[in-house]
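Visitor: Attaching a predicted model along with its sequence, questions to come.
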Amino acid sequence: MNALVKNIIRFGLLILVQVFVFDKIHLHQMVTPYIYFLFIIWLPFRLGPSQQLLIAFVLGFTMDSFRHHPGFHTAACLLIAYIRPFLINLLIPQEGADNNYEEPSVKSMGGILPYIIFIGVLTFIHHGWLFLLEAWQFGNLWYFLVKTVMSTVLSVLLIIITELLFTRQQKFRTNTV
Amino acid sequence: MRNIFLFISRYFNFILFLLLQGFSIYLIVHYSRYHQAVFSKTANQVTGKINEQYSKVEYYFQLKKTNDSLVRANAQLYNKLKADFELPDTTSHFIIDSIKVDSMERYRKYHYFPAKVVYNSVAAQNNFIVLGRGSAQHIKEGMGIIDANSGVVGIVTEASSDFAVVMSLLHKDSHLSGKLLKGGETGTLSWDGKTPNIISLNGIPKNAKVAKGDTIISSGYSTSIPKGMMMGIVQDVTSDKSTNNFLIKFKTAANFYNLEYVYAIDNNQAESIKTILEKVKQKIQ
């Protein structure tokens, strides 16, 4: 399948699943998992940083239009899209691995640990920024911290399950660079 | 000049990031009714359509609960039937009415419209409900919303042609006034953003008699919601040491987790009250 078509379908599915399934989860009236930003995590390596930012903006804005108070998810998505390239540079094991593979995955990141760190850091930043923006209007540090950490744990768990359920074919591209 | 271009091209991503981030924070902070008019009218229609499709599916799983609440509402209405009350016999003697104007004529003040809940959230810090009924079907801004058993749900904040967005009680800007049924003291509702279905009532003085289990009803001071609608039942009363008021937490009468059908209340006198208030304001200024 064409990468563009695949990404468009992924975009729609992730938004719908988030809005209609995961937004309904509200464990202990506090923890809500977010996985829609998996779209940003799974974006191809070859996209430039500014392209990633624009895509993240569109994703966040779409998510926000279901919430009737725009801005929160847009801001969080933008932040992780901005940090993502730096994090990939830090975590990718050998020179040119991001040329050999399409997207970030266990294989392309060279092992399960870097990949989970990659997901965990982005999830934590996303949740932290999202809840921080929301909490400005309420303000309670402990509540905010516990909520962020618990939600991050649940989200990462769900992302790993998603990863296991929907295995993505990662073709090794010839190293032409 | 060249250096400026160099600077921009070097830090283009960072500048773009800051610009977009700034824009989204601007949206959060300055999001007002004016922006809603621009943004929501279109977004509302699109997301409303998707929500409607989803709620059609979910509706079937809730049928039993919906039916139960309708039966309860029906029973309530039956109890209000005129036929169930005996009237005192006034036909035995004549009274000649000298007043030419019919002072017994009644005016309709409130009008109820049923509406289906298309989207509902409880998990966010600011929650909204979307109704599958809009301005084309007589839903206006500022209408009060109650559930099937007359528990207060919220107030309509915007309406597109086919959908309306309701600010539910679970919203930080939602400050309806509530009243203790027993004593009649009124206070303001506010939500702390943590537990859905638990709301606090502020501004009840300490000399009021409040106990766990007391009923809180709507005060009828706003034009949106009539007096006497159920708001909730007091769950916890603590006295605030710094002020002269109680801290009252109550459980809402409406269950925000499974709203299916709600009623929008149109106040026919809302317009005239508004014009009077505006006149008074102009006089003051």
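Guide: Perfect, thanks for sending it. Numbering: from 1, shown residues only, chains lettered A, B, ... in the order given.

Visitor: Could you list the low-confidence segments of the chain?
Guide: Answering for chain A, as no chain was given. Along chain A, segments meeting pLDDT under 70 span A:1, A:93-100, A:136-139, A:170-177.

Visitor: looking at chain B here, not the other one
Guide: B:31-44, B:82-106.

Visitor: Which stretches in it count as strands?
Guide: B:110-120, B:128-131, B:144-147, B:152-159, B:164-168, B:177-180, B:186-190, B:198-202, B:215-218, B:230-239, B:246-252, B:261-267 (DSSP state E).

Visitor: same check, this time on chain A
Guide: So, for chain A - with DSSP E - there are no strands.

Visitor: Show me what from it comes close to chain B.
Guide: For chain A, the contact set with chain B under CB under 8 Å from any CB of the partner chain comprises A:16, A:20, A:23-26, A:29-30, A:32, A:49-50, A:53, A:57, A:60, A:65-72, A:74-75, A:78-79, A:82, A:133-135, A:137-138, A:143. For every residue, glycine as well, the C-beta is placed using N, CA and C.

Visitor: Emit the ChimeraX select command for whichever of the residues you listed are buried.
Guide: Only the buried entries of those go into this ChimeraX selection, using 16 or more other CB atoms under 10 Å in any protein chain shown:
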select /A:20,23,26,32,49,53,57,60,65,66,67,68,69,70,71,72,74,75,78,79,82,133,134,135,143
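
Visitor: Which residue is the nearest non-sequential neighbour of residue B:179?
Guide: residue B:219 (4.1 Å; CB to CB, 6 or more residues apart in numbering or on different chains).

Visitor: neighbours of the one you found, just the number please.
Guide: Around residue B:219 there are 22 other residues, counting by other CB atoms under 10 Å in any protein chain shown.

Visitor: Turn the strands of chain B into TSV, columns for distance to residue B:65 and mean neighbour count.
Guide: As requested, the strands of chain B are exported to TSV (distance: least, CB to CB, whole Å; neighbours: other CB atoms under 10 Å in any protein chain shown):
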stretch	distance to residue B:65	mean neighbour count
strand B:110-120	12	18
strand B:128-131	16	26
strand B:144-147	11	25
strand B:152-159	15	24
strand B:164-168	18	26
strand B:177-180	25	22
strand B:186-190	25	19
strand B:198-202	21	20
strand B:215-218	23	22
strand B:230-239	18	17
strand B:246-252	16	21
strand B:261-267	11	21
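
Visitor: Count the neighbours of residue B:54 for me.
Guide: Neighbour tally, residue B:54, other CB under 10 Å: 14.

Visitor: which stretches of the chain form helices?
Guide: With no chain named, the answer covers chain A. With DSSP state H, the ranges of helices along chain A come out as A:3-20, A:38-41, A:49-65, A:72-91, A:97-100, A:112-135, A:141-165.

Visitor: please go with chain B instead
Guide: B:2-10, B:12-30, B:33-61, B:63-78, B:270-284.
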